[in-house]
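In: Got a predicted structure here, sequence first:
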Amino acid sequence: MSLSVVILAAGQGTRMNSRLPKVLQPLAGRPLLEHVLNTCAEIDAGEIHVVIGHGAEAVREAFAGREVTWVEQPEQLGTGHAVAQALPGFANDDIALVLYGDVPLVRSTTLRELVAAARADHIAVLTAKLDDPTGYGRIVRGDRGRVTRIVEEKDASESEREIGEVNTGLIACQVRLLRKWVGELSADNAQGEYYLTDIIGMAVRDGLKVRTTQPESKSEILGVNDRLQLAELEAVLRRRNADVLLNAGVTLIDPARVDVRGTLECGHDVTIDVNVVFEGNVKLDNNVSIGPNCYIRESQIEQDCRVLPNTFIDNAHIGPRSQIGPFARVRPETYTGSDVRIGNFVEVKKSVIGKASKVSHLTYLGDTTIGKNTNIGAGTITCNYDGVNKYRTKIGDDAFIGSGTNLVAPVEVGDGANIGAGSTITKDAPAGKLTVSRGRQTTVEGWKRPEKKAK
């Protein structure tokens, strides 16, 4: 008996006031639907059918690499109608799990418990008890506390609206039962829609027991209908990620001001200051310290490194005991050896910097390879682009590049070479020698500063 999943993702999300389909709205840097799909992977779901409608093509394109079956719902006639579109692709003996593309924070443990409760011809419903149940369908119980039906708020009586236990919309049961009940749904209600929740009453009518499970946290059932709710979920997920890091031994100076928009792997004794954003897959090894206001994306920072405030690191690999920043920008395909220094207002792109080399101030290095123990002076620029093609600069070990130097690629500076400050180097500089390229300094006698003419 395998697990098949239906994810309802056809809604337009008009209250988002966006051209983007609701399930593509970003939460922690990823579309809402991606969070749900990732949770499905954690529970080893088999068939995953995603029901799409508004913005269907955009949703397909956003998840072109995912192994899901797309099911179109041209008309949005309710949750029951949406599920009916997906059922033809499921085997009768499967357990069907109904999820929602705009309810992104449900945990895999919660879903496993729900699926387990649905086995042996039961139907299982995820419910929650809320102080303010406004907007949710209510769970109506009869004798001995057994669930008898779910009533939508618009169809509920005054006494039913006082019920605090609500339906989250997440349901699990055997496909053959779901197929039968969905086929019997009627749109005779206040909304004129086919409510999936009506199958609960059908299950009771057929003598089946309706089991209920509850999430560990109420935040798991929160959906997104507008920007305010999206921001609330962002705060919930930020705190959830922070709790994971804190429990793993990471020091967060302020847990409310660290954003993990992907996966963050940390070693021992890592410290992260305020307003740091991690995006994609980031790894911080032991004893790494990240200063405030940094952005780190798709990168690895090895042990004992210090990233100083206001530093941007993107798709880079930083070697052990290195120091980056403050106000540094390390761009994609940059690799540093150990004990490297990249200082303030330095930009590095597609470059390799060898062990113990220093690039301390106001410098641009693009398409550059630097050996070990080399010092790059302030204001140095590798001129790597001729307007059409990019060229590499190679600087050897133990070299010294004076301040204000322009290295016009393709060019090579040998081991132990020294370049005089203010030089423009267009030819290879030999190893172990001083190379200087400057115009002669001249003082012009009798020169006067130009003056503006009176109007």
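Out: Right, received. Where do you want to start?
In: Would you agree residue 161 falls within a helix?
Out: Yes. Counting by DSSP: H, G, I helix; E, B strand; the rest coil, residue 161 falls inside a helix.
In: Flag every buried residue along the biggest helix by length in the chain.
Out: Identified as the longest helix of the chain according to DSSP state H is helix 227-247. For helix 227-247, the neighbour count (16 or more other CB atoms under 10 Å) marks 230, 233, 234, 236, 237, 238, 240, 241, 242, 245 as buried. Glycine gets a C-beta too; all of them are placed from N, C-alpha and C.
In: Check stretch 74-84 too.
Out: Buried positions in stretch 74-84, judged by neighbour count with 16+ other CB under 10 Å: 76, 77, 78, 79, 80, 81, 82, 83, 84.
In: could you give me the average pLDDT of it?
Out: For stretch 74-84, the mean per-residue pLDDT is 90.
In: CA atoms of that stretch as CSV?
Out: Output in CSV follows, covering the C-alpha atoms of stretch 74-84 (Å, rounded to 0.1, in the frame of the first residue of the first chain):
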residue,chain,number,x,y,z
PRO,A,74,-9.7,24.9,-15.7
GLU,A,75,-12.7,25.9,-13.4
GLN,A,76,-12.2,26.3,-9.7
LEU,A,77,-15.3,24.6,-8.3
GLY,A,78,-14.1,23.7,-4.9
THR,A,79,-11.7,21.4,-3.1
GLY,A,80,-13.8,18.3,-3.8
HIS,A,81,-13.8,19.1,-7.5
ALA,A,82,-10.0,19.7,-7.4
VAL,A,83,-9.3,16.3,-5.8
ALA,A,84,-11.6,14.6,-8.4
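In: mind exporting the longest helix of the chain as CSV, just the C-alpha atoms?
Out: Provided in CSV are the C-alpha atoms of helix 227-247 (Å, rounded to 0.1, in the frame of the first residue of the first chain):
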residue,chain,number,x,y,z
ARG,A,227,0.8,39.7,2.2
LEU,A,228,0.1,40.0,6.0
GLN,A,229,-0.2,36.2,6.4
LEU,A,230,2.8,35.7,4.2
ALA,A,231,4.9,37.9,6.5
GLU,A,232,3.6,36.1,9.6
LEU,A,233,4.7,32.8,8.1
GLU,A,234,8.1,34.3,7.3
ALA,A,235,8.5,35.2,11.0
VAL,A,236,7.4,31.7,12.0
LEU,A,237,9.8,29.9,9.7
ARG,A,238,12.6,32.3,10.7
ARG,A,239,12.1,31.3,14.3
ARG,A,240,11.8,27.6,13.5
ASN,A,241,15.1,27.7,11.6
ALA,A,242,16.7,29.7,14.4
ASP,A,243,15.6,27.1,17.0
VAL,A,244,17.2,24.3,14.9
LEU,A,245,20.5,26.2,14.8
LEU,A,246,20.4,27.0,18.5
ASN,A,247,19.7,23.4,19.5
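In: now for that helix, which elements pack on it?
Out: Packing partners of helix 227-247 (3 or more CB pairs under 8 Å, 6 or more residues apart in numbering; DSSP states H and E): strand 26-27, strand 251-252, strand 258-266.
In: Which residues belonging to the last one are considered buried?
Out: Across strand 258-266, burial judged by 16+ other CB under 10 Å covers 258, 259, 260, 261, 262, 264, 266.
In: Just checking: what are the partner strands of it?
Out: strand 276-284 (parallel) (DSSP bridges).
In: same question, the second one
Out: Here strand 251-252 is paired, per DSSP bridges, with strand 271-272 (parallel).
In: coming back round to it: next, the angle strand 276-284 makes with the longest helix of the chain.
Out: Interaxial angle of helix 227-247 relative to strand 276-284 (axes from the mean of the first three to the mean of the last three CA atoms, to 10 degrees): 40 degrees.
In: quick check, distance from helix 227-247 to the centre of its chain.
Out: 12 Å (CA atoms, centre = their mean, to the nearest Å).
In: pLDDT on that helix, on average?
Out: Averaging pLDDT along helix 227-247 yields 96.
In: outside of it, which residues touch it?
Out: The contact list for helix 227-247, computed with CB atoms under 8 Å, 6 or more residues apart in numbering, reads 16-17, 25, 27-28, 104-105, 219, 222-224, 252, 255-256, 258-260, 264, 266, 272.
In: Pull the distance from stretch 272-286 to the chain's centre.
Out: Using CA atoms, centre = their mean, the offset of stretch 272-286 from its chain centre is 12 Å.
In: Could you shift the numbering so residue one becomes 805, and keep it that way?
Out: Okay, using 805 as the starting number, the last item reads as stretch 1076-1090.
In: avg pLDDT for it?
Out: Mean pLDDT, stretch 1076-1090: 98.
In: Could you pull out the buried residues of that stretch?
Out: Under 16+ other CB under 10 Å, the buried positions of stretch 1076-1090 are 1076-1084, 1086-1089.
In: then that stretch to CSV, C-alphas only?
Out: Extracted in CSV, the C-alpha atoms of stretch 1076-1090 (Å, rounded to 0.1, in the frame of the first residue of the first chain):
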residue,chain,number,x,y,z
ILE,A,1076,26.3,34.5,13.7
ASP,A,1077,25.5,38.1,14.3
VAL,A,1078,22.4,40.1,13.4
ASN,A,1079,20.8,40.7,10.0
VAL,A,1080,22.6,37.9,8.3
VAL,A,1081,20.9,36.2,5.3
PHE,A,1082,21.9,32.7,4.1
GLU,A,1083,20.5,31.6,0.7
GLY,A,1084,20.8,28.2,-1.0
ASN,A,1085,23.1,25.6,0.4
VAL,A,1086,25.7,27.1,2.8
LYS,A,1087,28.2,25.3,5.0
LEU,A,1088,30.0,26.9,7.9
ASP,A,1089,32.8,24.8,9.5
ASN,A,1090,34.0,24.9,13.1
